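Participant: Structure, please.
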Amino acid sequence: MNWLNRLVGALLTALGLDTGARWVGSVQFFLYDGIKITVLLCGLIFAISYLQSYFPPERSKKILGRFHGVGANVVSALLGTVTPFCACSSIPLFIGFTGAGLPLGVTFSFLISSPMVDLGSLMLLMSVFGAKVAVVYVIIGLVIAVAGGTMIEKLHMEAYVVDFIRKAGSVEADCPALTKRERLQYANEQTASTFRKVFPYILIGVGIGAVVHNWIPERWIEAVLGGGNPFGVLLAVLAGAPMYADIFGTIPVAEALLYKGAQLGTILAFMMAVTTLSLPSVILLRKAVKPKLLGLFIGICVVGITIVGYLFNAVQGLLI
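Facilitator: Numbering: from 1, shown residues only. Below is the predicted model of the structure:
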């Protein structure tokens, strides 16, 4: 969508503004990225929600119940790619799956995959970083989800799920088949609902990106997040974890950081930490699991994301 950036620049120039000025450049970045991500967001949410209408919780539980071992973790991680975009919206589904008696490791593969890797992130990452980066990001995210769930399964952590969830059980109910019109209506409703929730974070993310893009000197970014700092990935993970946003809100920040010289792996580690380990989602998850299991989940995510960051930094030259 570079044509959109040129169009915004032309409109600002027609208004008598100098796009070479910092504040005008910030306005151009804000308008361009805001419009671009909003258009992509609405289109992707509609398409993914229509696909998601084929995988309601009842059907997902039935699908997952057919698989065992690592295969179940793989299927669970893949199902996570067609679910809502943030960790907080995935945790209720995680609780439902766990209460229904699905293996704990399988449900954690879903919980890790759902916010970290989704079809929306794949398409949007392609538009910003290119197809190779997007595909590798999704593959590695799925590997973390499968490995993390498998580890939790092998450690037999069922005793660290709170009692009311373990004893909840489930009520089997046939999910009525939706007509094409009902699926379209569902997709419209999901698009409107998700847009209302996500749009404020898009504005915040684009605003931060505009500041980074036009006001923060490149040497500062390179000193903290560039190749010269071996702790850049760790700093990015620690900075991203307490935040609350989804991938649509973090991409404009990531785009600006990459332009300023931050390493690719460091940026992706920041994005993964924000989407998977946000403070509100950790607090919500604490209501469902005991501290030891929560700590294990956080540890697996931090280690996995850190490895991903350093790996992407090592192969950055081959990807972009």
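Participant: Kindly state the pLDDT recorded for Leu155?
Facilitator: At Leu155, the model reports a pLDDT of 92.
Participant: what's the closest non-adjacent residue to Leu264?
Facilitator: Gln316 (4.5 Å; C-beta to C-beta, 6 or more residues apart in numbering). Yep, even glycine has a C-beta here, placed from its N, CA and C like the rest.
Participant: Quick check: the gap between that neighbour and Asn188.
Facilitator: Distance from Gln316 to Asn188, counting by C-beta to C-beta, to the nearest Å: 40 Å.
Participant: Next, count neighbours for Phe67.
Facilitator: By other C-beta atoms under 10 Å, 15 other residues sit near Phe67.
Participant: how about it, what does it touch?
Facilitator: Neighbour list for Phe67: Val74, Val75, Val106 [criterion: C-beta atoms under 8 Å, 6 or more residues apart in numbering].
Participant: ok, the residue nearest to Leu264 touching Thr266?
Facilitator: No: using C-beta atoms under 8 Å, Gln316 is not in contact with Thr266, being 9.7 Å away.
Participant: Looking at stretch 22-36 now, give me its mean pLDDT.
Facilitator: Averaged across stretch 22-36, the pLDDT comes to 89.
Participant: whoops, I mixed them up, stretch 137-151
Facilitator: Averaged across stretch 137-151, the pLDDT comes to 90.
Participant: same question, stretch 293-307
Facilitator: For stretch 293-307, mean pLDDT rounds to 91.
Participant: Other residues contacting that stretch?
Facilitator: Here stretch 293-307 makes contact (C-beta under 8 Å, 6+ apart) with 108, 111-112, 144, 147-148, 151-152, 155, 157, 160-161, 233-234, 237, 241, 269, 272-273, 276-277, 282, 285-286, 289.
Participant: Let's see that with 7 Å instead.
Facilitator: With contacts defined as C-beta atoms under 7 Å, 6 or more residues apart in numbering, stretch 293-307 is touched by 108, 112, 144, 147-148, 151-152, 157, 160-161, 233-234, 237, 269, 272-273, 276-277, 282, 285-286.
Participant: before we move on, what about stretch 91-108?
Facilitator: With C-beta under 7 Å, 6+ apart, stretch 91-108 has contacts from 57, 61, 64-65, 72-73, 76, 83, 110-111, 148-150, 152-153, 157-158, 161, 165, 168-170, 281, 284-285, 288, 297.
Participant: Alpha carbons only: can I get whatever helix or strand Thr250 lives in in PDB?
Facilitator: Using DSSP states H and E, the element containing Thr250 is helix 247-259. C-alpha atoms of helix 247-259 as PDB (Å, rounded to 0.1, in the frame of the first residue of the first chain):
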ATOM      1  CA  ILE A 247      -0.600  -7.600  17.100                       C
ATOM      2  CA  PHE A 248      -2.500  -4.900  15.200                       C
ATOM      3  CA  GLY A 249      -1.500  -2.400  17.700                       C
ATOM      4  CA  THR A 250       2.200  -3.500  17.900                       C
ATOM      5  CA  ILE A 251       2.900  -3.600  14.200                       C
ATOM      6  CA  PRO A 252       3.100   0.200  13.600                       C
ATOM      7  CA  VAL A 253       5.600   0.400  16.500                       C
ATOM      8  CA  ALA A 254       7.600  -2.500  15.000                       C
ATOM      9  CA  GLU A 255       7.600  -1.000  11.600                       C
ATOM     10  CA  ALA A 256       9.000   2.300  12.900                       C
ATOM     11  CA  LEU A 257      11.600   0.500  15.000                       C
ATOM     12  CA  LEU A 258      12.800  -1.600  12.000                       C
ATOM     13  CA  TYR A 259      13.100   1.600   9.900                       C
END
